[in-house]
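# would you be able to build a 3D model of this:
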Amino acid sequence: MNNTQMSARVGLFFLIGIVLIWVTFDALRGNSINRKRGYTVIVGFSTLKELKAGDEVRMAGVKIGAVESTRLANERAEAVLRILPDFRIAQDATASIAMAGLIGTNYISLNIGHPEQGTVPETGGELRTRAVADLNQIMSDLGGLGQDLKGALASISSAFSSGPDGQGGLISKLDRLVTDNSAKLTHTMANLDDITTKISTGQGTIGKLVNDPAAYDQLLASVVEIKGAAADARLMLTNAQAIIDQVKSGKGPLGTLVYDETSTANLKLIVQNVRDLSEKLNNPNSSFGQLITNDQLIRDAQATLRKVDSAVDGLGDSGPISAVGVVAGKLF
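As a prediction, this is how the structure comes out:
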């Protein structure tokens, strides 16, 4: 084999290697050799989270396309998706940025949605998006949680440790409190023991209530009577409410008196007549007033009655004609 043939073979292998490298790179980017097959769909996010051209587009875990390009537009980050022509996307499908494993690349994840209600058009189609926390956000949240936990532990440690006044922490203060008040605590426990003993032996009101069936029955009877009184009071309130409703509706004597203008006018007239009569009785110049307040009229009336009585007594001894004369003489 001469040098010319060797050089030709090396060059051919070099070209084949370049083609293989290009095909492999193109396949890894998610584009086939004919990368313009299919249609494009736009998705917008506040951030693409390291998403780049060539990353996969999956629907329910199945690859249906790839990211063709990324851009900034309409005050957001947009990704242009190249979808294979054999797949249709429902209009109510939602896109999110997912991560393939802890160290894998990001990809666009789509849910199936309801294709029977319509699909995304092949020109100018856009999908709804849903924000999902990525690993960086999760780690940031975990870092914040760690700081909060560290602060809580520091607070607990400061509560249990000695304070700036040198009096010790919470445990020391509780121990000192128990030690200083041990006699009072012992006395209190003894009182509680005495009270529970009296209750268990039936002493006192609570003890009788707990141990004496008769006291329990009396208490139960009292409760029943209270319930009955409450029922009667409720019935009385119901009746009172019925009367009020009747009055408001203008029914009955009271309702008629309150809401009937004729009855109200008659009542006012009666009251005015009574007032006029009272004024006449209190007026010494009127006949009724003189009859009540003038003592001389009372004495004259009493004298006249005595004369009539004397005249009647003399009628028994006189004839009819003379009786008339006697009566006239007595009176005048």
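# toward the C-terminus, what is the element adjacent to the one helix or strand Asn191 maps to?
Element membership of Asn191, judged by DSSP states H and E, is helix 182-200. Under the assignment DSSP H and E, the closest C-terminal helix or strand after helix 182-200 is helix 204-211.
# got a list of contacts for that following helix?
Lys198, Ile199, Ser200, Thr201, Gly202, Ala215, Tyr216, Leu219 (Cβ atoms under 8 Å, 6 or more residues apart in numbering). Every C-beta, even on glycine, is put in place using the N, C-alpha and C of the backbone.
# for stretch 18-26, output the C-alpha coordinates as CSV.
Taking C-alpha atoms only, stretch 18-26 is exported to CSV below (Å, rounded to 0.1, in the frame of the first residue of the first chain):
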residue,chain,number,x,y,z
ILE,A,18,-16.8,14.4,11.4
VAL,A,19,-20.2,13.2,10.0
LEU,A,20,-20.7,10.9,13.0
ILE,A,21,-19.9,13.6,15.4
TRP,A,22,-22.3,16.0,13.8
VAL,A,23,-25.1,13.4,13.7
THR,A,24,-24.5,12.6,17.4
PHE,A,25,-24.5,16.3,18.4
ASP,A,26,-27.7,16.9,16.4
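# the inter-axis angle of the helix holding Asn191 versus helix 204-211?
Interaxial angle, helix 182-200 versus helix 204-211 (axes from the mean of the first three to the mean of the last three Cα atoms, to 10 degrees): 50 degrees.
# pretty sure Ala95 sits in a strand.
Yes: under DSSP: H, G, I helix; E, B strand; the rest coil, Ala95 falls within a strand.
# can you tell me how far it is from Asp55?
Relative to Asp55, Ala95 is positioned 12 Å away (criterion: Cβ to Cβ, to the nearest Å).
# hang on, the earlier thing: pull out the buried positions in the helix holding Asn191.
Of the residues in helix 182-200, Ile199 count as buried by neighbour count, 16 or more other Cβ atoms under 10 Å.
# ditto for stretch 115-122
Along stretch 115-122, these residues count as buried under the neighbour rule (16+ other Cβ under 10 Å): Thr119, Val120.
# run through who's touching that stretch.
Contacts of stretch 115-122 from elsewhere in the structure, counted by Cβ under 8 Å, 6+ apart, are Tyr39, Val41, Arg88, Ile89, Ala90, Gln91, Asp92, Ala93, Glu126, Leu127.
# look at the fifth one and report its pLDDT.
At Ala90 the predicted local distance difference test score is 93.
# isn't it up against His114?
Yes: using Cβ atoms under 8 Å, Ala90 and His114 qualify as a contacting pair, with a distance of 5.4 Å.
# between these two, which is the more surrounded one?
In terms of neighbours (other Cβ atoms under 10 Å), Ala90 is the more surrounded of Ala90 and His114; the figures are 19 against 11.
# quick one, what contacts the more buried one?
Under the criterion of Cβ under 8 Å, 6+ apart, the neighbours of Ala90 are Ile112, Gly113, His114, Pro115, Gln117, Gly118, Thr119, Val120.
# at 6 Å what do you get?
Taking Cβ atoms under 6 Å, 6 or more residues apart in numbering as the contact definition, Ala90 lies against Gly113, His114, Pro115, Thr119.
# tell me the SS of the residue nearest to it when sequence neighbours are not counted?
Counting by Cβ to Cβ, 6 or more residues apart in numbering, the nearest residue to Ala90 once its immediate chain neighbours are dropped is Gly113, at 3.1 Å. Reducing the assignment at Gly113 to three states with three-state DSSP gives coil.
# and Gly113, how many neighbours does it have?
As a burial measure, the neighbour count of Gly113 was computed by other Cβ under 10 Å and equals 19.
# give me the phi and psi angles of it.
Listed backbone geometry of Gly113 is phi 70, psi -150, with angles given as degrees, to the nearest 10.
# touching, it and Ala95? I think so.
No: at 10.5 Å, Gly113 and Ala95 do not qualify as touching, with contact defined as Cβ atoms under 6 Å.
# show me where the chain has its strands.
39-45, 56-59, 62-73, 76-83, 94-99, 106-110, 125-129 (DSSP state E).
# now do the buried residues in the third one.
This means strand 62-73. For strand 62-73, burial by neighbour count (16+ other Cβ under 10 Å) applies to Ile64, Gly65, Ala66, Val67, Glu68.
# quick revisit: which of the contacts of helix 204-211 lies closest to Arg234?
Leu219 (22.3 Å; Cβ to Cβ).
# got a pLDDT number for the nearest residue to that closest one once chain neighbours are set aside?
By the measure of Cβ to Cβ, 6+ apart, the closest residue to Leu219 outside its immediate chain neighbours is Leu209, 6.4 Å from it. Leu209 is assigned 72 on the pLDDT scale.
# Leu209: neighbour count?
The tally of other residues near Leu209 (other Cβ under 10 Å) stands at 14.
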